[in-house]
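**Q** sequence and predicted structure below; questions after.
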Amino acid sequence: MKTSSIVLTLVLLAGVVVSCKTQNSNIPLKLTFRGNTMVSFSVVPAAGEKAYQPIIVKESVLPNMPLSLAIPTSILPSDFLLRVEFRNPQNGQPQVEEILFFVENAPVEISVNPVAMPNPDSTQFSPNDQNNITYQAFQQEVNHSREMINLLQNLLMRYDKKDQKFYVQTLKEYRERLDEHNKFVAQQYQKHKHLFSASTFPLYTLTPFDFTKDETSAKNLWLKNYITSYPFNDSRVIRTSDFRRWLDTYVNHHFDKNLTRSQTESMLAQAGSLAIEAAQKGVPEICGWVIDYFYNGYESMGYTQGIVMLGKYINNEKCTATKKWNIQYRIESLNKIFVGATAPNFTFTNINNQTKTLHNFGNDKPYKILIFWSADCSHCMEFVNQFYPFYERANLQQWFNVLAVSLDETETEIPVWKKATEQLPQWEHTRLQQGLSSPEAREYYVLSTPTIFIIETQSGKIAAIPLSAKEIFEFWQKNQ
């Protein structure tokens, strides 16, 4: 989604990422790909504001040739994905492998055999790199321990004779192994907590499952203990992808295919509230990050109950949320822009230099679709590529007139928008020169793109606020 205009320039010179700052603003990264396979690779931040945006890309790298690269300190500390693409020498098929590594404030050296990357022993770090060596050893130990515990847990869940000696012995072993696992995690954190990578260790504490309760009660108790037993006291963890995955696990366990959308929305609002309450016992940076995490999730799914819930936490000094303004703005919008409210009118000039207003445009159809979008936004183009062909094939122009309002405003974005409009001739097009800051976008409380409204032509009221092409299709099916 386009939340601001960002221009990201990658400067690659002989495999070296060159910074405009001094050499001291970079942390050296040395890579060597062992074996006899040519590779292409990228280095991608796995956390932070630049997450999933490659900072280093290199094609056709020969094996056994050390590469001297650099990572800007402005995005550190963080963990990164080294994504390697090559052809498997045994079958000639394309193959992609990834490893995670940490960068804090010291140089990192990685030597890897691409073909054997699934095997942890194939990746070698410098002996001085305690962040990555310690994390690698910790992962091997906890993965083995967790595998055994999961086997026991699955057996206990499926075994139907709970009064049998075998079940009792298995339950005892499950509890003992889980206790040993959690003691190991706690010991390793205390031993290595000076390391950035060790900030993730408490996330690997396992929450016990109470087999004496029915499945629903046991699951609910597990979820509560999962989130409340974590201390939220090491702020470095928000710079890691492990923390996001840990929260993702918590959230994903609340989804159930048997629940309606309304039930799911209510459940996720409660889940967010419980998580924030637990996070308040820790440091403000983590609690604020948790609020931002749930806001982004609720916003992307259109779950307004959750956004309203967040309102009671944003002024809490124990939670330094960066999305405070967004949350306040969205809550305000819920009182003004909602299904049944009159759509704010505005005047626009289309690409043919004709001046119109929203309410007097396209009054020959039952409905209008108002789309705030950007041709430079991948999510917008994904929506357009799904919806426009359907709009043509299903002859939706009998039902809807579409006004596509562009928020493109930079010298690079505007030509892209003009070219895109040529492929969408059945829609009315206009562009707001101030983008997201324009009065029209603010009146509709547009925080990101695409933002879509279906407006009933006769009454001028908002009939729906769809999140996708699929929801527009469902509205059409219901109202045609």
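**A** Looks like it arrived, so ask away. Numbers count the residues shown, from 1 in each chain.

**Q** what about stretch 110-121, start to end distance?
**A** 12 Å (CA to CA, to the nearest Å).

**Q** now do the contacts for Asn182.
**A** 205-206 (CB atoms under 8 Å, 6 or more residues apart in numbering). All C-beta spots, glycine's among them, are computed from the backbone N, C-alpha and C.

**Q** that one and Gln188, how far apart?
**A** 11 Å (CB to CB, to the nearest Å).

**Q** ditto for Gly272
**A** For Gly272, the distance to Gln188 equals 30 Å [CB to CB].

**Q** list the contacts of Asp242.
**A** Contacts of Asp242 by CB under 8 Å, 6+ apart are 79, 200, 203.

**Q** confirm that the second one sits in a helix.
**A** Spelled out, it's Thr200. Yes. Counting by DSSP: H, G, I helix; E, B strand; the rest coil, one finds Thr200 located in a helix.

**Q** if we can go back for a sec, in JSON lines, list the contacts of Asp242 along with distance to Tyr250.
**A** JSON lines is the format used below for these (distance: CB to CB, whole Å):
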{"residue": "Asp79", "distance to Tyr250": "20"}
{"residue": "Thr200", "distance to Tyr250": "15"}
{"residue": "Leu203", "distance to Tyr250": "11"}
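
**Q** pipe those into TSV and attach distance to Ala441 and neighbour count per row.
**A** What follows is these, written out as TSV (distance: CB to CB, whole Å; neighbours: other CB atoms under 10 Å):
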residue	distance to Ala441	neighbour count
Asp79	35	24
Thr200	39	25
Leu203	39	18
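
**Q** between those, which is closest to Ser437?
**A** Of all the contacts of Asp242, Asp79 has the smallest distance to Ser437: 34.4 Å, by CB to CB.

**Q** of Gly272 and Gln188, who's got more company?
**A** Gly272 (27 against 19; other CB atoms under 10 Å).

**Q** leaving out chain neighbours, which residue sits closest to the more buried one?
**A** Phe294 (4.0 Å; CB to CB, 6 or more residues apart in numbering).

**Q** for the one you found, what are its contacts?
**A** Contacts of Phe294 (CB under 8 Å, 6+ apart): 272, 275-276, 306, 310.

**Q** secondary structure class for it?
**A** Going by three-state DSSP: Phe294 is helix.

**Q** and the pLDDT at Asp214?
**A** You'll see Asp214 listed with a pLDDT of 89.

**Q** any idea how far Gln263 is from it?
**A** 19 Å.

**Q** try Thr349
**A** According to CB to CB, Thr349 and Gln263 sit 45 Å apart.

**Q** same deal with Val84?
**A** Look at Val84 and Gln263: by CB to CB, they are 43 Å apart.

**Q** between the two, which has more neighbouring residues?
**A** Counted by other CB under 10 Å, Val84 and Gln263 do not tie: Val84 has more neighbours, with 22 against 11.

**Q** surely the more buried one and Val115 touch.
**A** No. Val84 is beyond contact range of Val115, at 9.8 Å (criterion: CB atoms under 8 Å).

**Q** helix or strand for Ser448, which one?
**A** In this structure, Ser448 sits in neither a helix nor a strand according to DSSP states H and E.

**Q** how near is the closest residue to Asp376 other than its chain neighbours to Thr449?
**A** Leaving out its chain neighbours, the residue that sits closest to Asp376 by CB to CB, 6+ apart is Glu413, at 4.5 Å. Going from Glu413 to Thr449 by CB to CB gives 12 Å.

**Q** which one's more surrounded, the two?
**A** More crowded of Glu413 and Thr449, by other CB under 10 Å: Thr449, with 26 against 21.

**Q** look up how far Ile371 lies from that one.
**A** Distance, Thr449 to Ile371, using CB to CB: 9 Å.

**Q** now Phe338
**A** Distance from Phe338 to Ile371, by CB to CB: 18 Å.

**Q** can you give me the buried ones in stretch 39-56?
**A** Neighbour-count burial for stretch 39-56, counted by 16 or more other CB atoms under 10 Å, picks out 39, 41-48, 50-51, 55-56.

**Q** just stretch 369-382 next, same as before
**A** 369-377, 380-381.

**Q** pLDDT averaged over it - what is it?
**A** On average, stretch 369-382 scores 92.

**Q** quick one: terminal-to-terminal distance for that stretch?
**A** 17 Å.

**Q** now that stretch: how far from the chain's centre is it?
**A** Remark: stretch 369-382 is offset 19 Å from the chain centroid, using CA atoms, centre = their mean, to the nearest Å.

**Q** give me the three-state assignment for the closest residue in space to Gln397 that isn't next to it in sequence.
**A** In this structure, Gln397 finds its nearest non-sequential neighbour in Gln426, 5.9 Å apart by CB to CB, 6+ apart. Look at Gln426: counting by three-state DSSP, its state is coil.

**Q** count of residues packed around Gln426?
**A** Neighbours of Gln426 using other CB under 10 Å come to 11.

**Q** quick check: it touching Glu392?
**A** Yes. Gln426 is within contact range of Glu392, at 6.8 Å (criterion: CB under 8 Å).
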